[in-house]
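Undergrad: no FASTA, just this:
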């Protein structure tokens, strides 16, 4: 799936932020921090990953319908729906 360069940049920024948040969660667990604090930060990581996935799907959806990637045929509407729902 080809995604617009602007969308790729936004997704990479979100993923880098999530990577930093995840490192923070790991450090919190290793330091024995309160469960509530750990779960709150873990939820933030999860939301960041979801948003990155939604951005990829939203940016590439039109292209998935219109063009094939390599030798593969274009994605059907049902395939796109399953891809989108995988993030839900």
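TA: Yes, it's here. All figures in this text were calculated on a predicted structure; none of them were measured in a lab.
Undergrad: ok, which stretches of the protein are helices?
TA: 5-30, 35-66, 77-85 (DSSP state H).
Undergrad: In TSV, list these along with mean pLDDT.
TA: Written out in TSV, the entries for these read as follows (pLDDT from 0 to 100):
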stretch	mean pLDDT
helix 5-30	92
helix 35-66	84
helix 77-85	77
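Undergrad: Spatially nearest residue to the most centrally placed residue in the chain (excluding sequence neighbours)?
TA: With distances taken as CA atoms, centre = their mean, the residue of the chain nearest its centroid is residue 53 (2.7 Å). When the adjacent residues along the chain are set aside, residue 53 lies closest to residue 87, with 4.4 Å between them (CB to CB, 6 or more residues apart in numbering). Heads up, the C-betas are built off the backbone N, CA and C, glycines and all.
Undergrad: does the one you found really touch residue 56, like I thought?
TA: No: if you go by CB atoms under 8 Å, residue 87 and residue 56 don't touch, sitting 9.0 Å apart.
Undergrad: So which of these two has more stuff around it?
TA: Each of residue 87 and residue 56 had its neighbours counted (other CB atoms under 10 Å), and the higher figure belongs to residue 56 (20 against 13).
Undergrad: if I read this right, the more buried one contacts residue 14, doesn't it?
TA: No: with contact taken as CB under 8 Å, residue 56 and residue 14 are classed as non-touching, separated by 9.9 Å.
Undergrad: Residue 60 - how many residues pack around it?
TA: For residue 60, the count of nearby residues is 20 (other CB under 10 Å).
Undergrad: and what of residue 18?
TA: The local packing of residue 18 (other CB under 10 Å) involves 19 other residues.
Undergrad: Would you enumerate the residues in contact with it?
TA: With contacts defined as CB atoms under 8 Å, 6 or more residues apart in numbering, the neighbours of residue 18 are 45, 48-49, 52.
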